[in-house]
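**Q** Following is a predicted model, sequence given first.
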Amino acid sequence: MKKYKYTSLQEVFDTVVSHLRKQGEKSDQSYMFDEEDLSIMDHQCLYRTPGNLKCAVGCLIPDDIYSEDMESTFAYKLLRDYPKFSSQFDPSLFRYSSSTFYPKGDGIESLLGKVQDVHDDNPVSEWEKGFKLVAEEFDLNYTSAA
């Protein structure tokens, strides 16, 4: 049995891509952007929706540690502030400085931010392009959807 659930960035990437392909829709909710003009709507991506849709990072958060308090928290801060979440990743995947803990380089912190951006900032029809770019950036294997 492995000590860590994820021992490589490839495992993390494959898990996220597989989840998002299967789900086929964003994990988000709409809300009123302007109370003066009720026709103006916006959306907010969520780690989990009430209907249990999960975003790119949300699919990596085990049910027993998920909390609504996590919503609106950057992925790299989840890694810092929720040890039960970060403990599932092999320590060799981290590239942060203990003094800043800001994502940089080719570590798990940056990968989670990039896959989150693919989910949050693109229509579903553009996800595959985003997955391919992330794979290239992190030197990961990418297989197009069948």
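**A** That came through, no problem.

**Q** Which pLDDT value does the model give the spatially most central residue of the chain?
**A** Closest residue to the average C-alpha location of the chain: Val57 at 2.5 Å, with CA atoms, centre = their mean. We have a pLDDT of 97 for Val57.

**Q** Would you mind measuring from it to Ala146?
**A** 25 Å (CB to CB, to the nearest Å). Any C-beta I mention is one placed from the backbone N, CA and C, and that applies to glycine too.

**Q** so where's the protein shaky on pLDDT?
**A** 1, 30-43, 96-104 (pLDDT under 70).

**Q** Walking through it, point out its strands one by one.
**A** 28-32, 41-45 (DSSP state E).

**Q** The residue nearest to the centre of the chain - nearest residue in space that isn't next to it in sequence?
**A** Counting by CB to CB, 6 or more residues apart in numbering, Val57 lies nearest to Ala75, which is 4.7 Å off, once chain neighbours are set aside.

**Q** Likewise for Val17?
**A** Phe131 (5.3 Å).
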